[in-house]
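1. here is my input, please return the structure:
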Amino acid sequence: MEESDIKKALLKKALGFSCNEVVEEYQLDENGNPVLCKKKVTKKFNPPDITAMKMLLERQDILTDDKIQEMTDSELKKEKRRLLKLLKEEEESES
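-> Next up is the predicted model:
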């Protein structure tokens with residue numbers, strides 16, 4: 001895995017993403033072979049992750065560990081909203 005792949009994965013986790021979750025049920029037929037009887041596909045949304053956002057900030061040297069630890073929960077949430085907005089704008093400009 002290259003560094004650019006890791007950055008993309010981290011950005012995806014920081015922004016939140018949707019994925020499909022597949023659940024399959026099998027039953028045995030008369031010969032004892034498994035046969036698919038049910039398949040359920042559910043679209044699942046994974047919300048933005050604040051830890052991933054912190055990692056992005058630290059990597060870009062915007063905030064140091066000391067500053068992050070000193071931030072209150074409300075400051076972290078405000079920073080999260082700001083970063084989400086910036087990341088969405090960057091993602092849209094790349095499209």
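2. how about the contacts made by the closest residue to Leu28 other than its chain neighbours?
-> Nearest non-adjacent residue to Leu28, counting by C-beta to C-beta, 6 or more residues apart in numbering: Pro34, 6.1 Å away. Heads up, the C-betas are built off the backbone N, CA and C, glycines and all. Shown in contact with Pro34 (C-beta atoms under 8 Å, 6 or more residues apart in numbering): 26-28.
3. which of those sits closest to Leu86?
-> Of all these, the one sitting nearest Leu86 is Tyr26; the distance, using C-beta to C-beta, is 46.0 Å.
4. what's across from the closest one in the sheet?
-> Leu36 (DSSP bridges).
5. could you say which helix or strand holds the residue positioned nearest the centre of the chain?
-> If you average the C-alpha coordinates of the chain and look for the closest C-alpha using C-alpha atoms, centre = their mean, you land on Lys13, 2.4 Å from that point. Here Lys13 is covered by helix 3-15, with elements defined by DSSP states H and E.
6. hmm, back to that, list the contacts of the residue nearest to the centre of the chain.
-> When contacts are counted by C-beta under 8 Å, 6+ apart, Lys13 touches 46, 48-49, 52.
7. mind redoing it with 7 Å?
-> 49, 52 (C-beta atoms under 7 Å, 6 or more residues apart in numbering).
8. again with Lys38
-> Glu25.
9. from Asp5, how far off is it?
-> Look at Lys38 and Asp5: by C-beta to C-beta, to the nearest Å, they are 35 Å apart.
10. for Lys13, same thing?
-> As defined by C-beta to C-beta, Lys13 lies at a distance of 13 Å from Asp5.
11. secondary structure element for Val41?
-> strand 34-46.
12. buried sites along the next helix or strand after that strand?
-> Moving toward the C-terminus from strand 34-46, the first helix or strand encountered (DSSP H and E) is helix 50-59. Residues of helix 50-59 classed as buried: 52-54, 56-57 (neighbour count, 16 or more other C-beta atoms under 10 Å).
13. redo the residues you listed as a markdown table? Include pLDDT and distance to Leu76.
-> Formatted as a markdown table, the entries for the buried residues of helix 50-59 read as follows, by pLDDT from 0 to 100; distance: C-beta to C-beta, whole Å:
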| residue | pLDDT | distance to Leu76 |
| --- | --- | --- |
| Ala52 | 88 | 13 |
| Met53 | 86 | 9 |
| Lys54 | 84 | 8 |
| Leu56 | 82 | 14 |
| Leu57 | 77 | 11 |
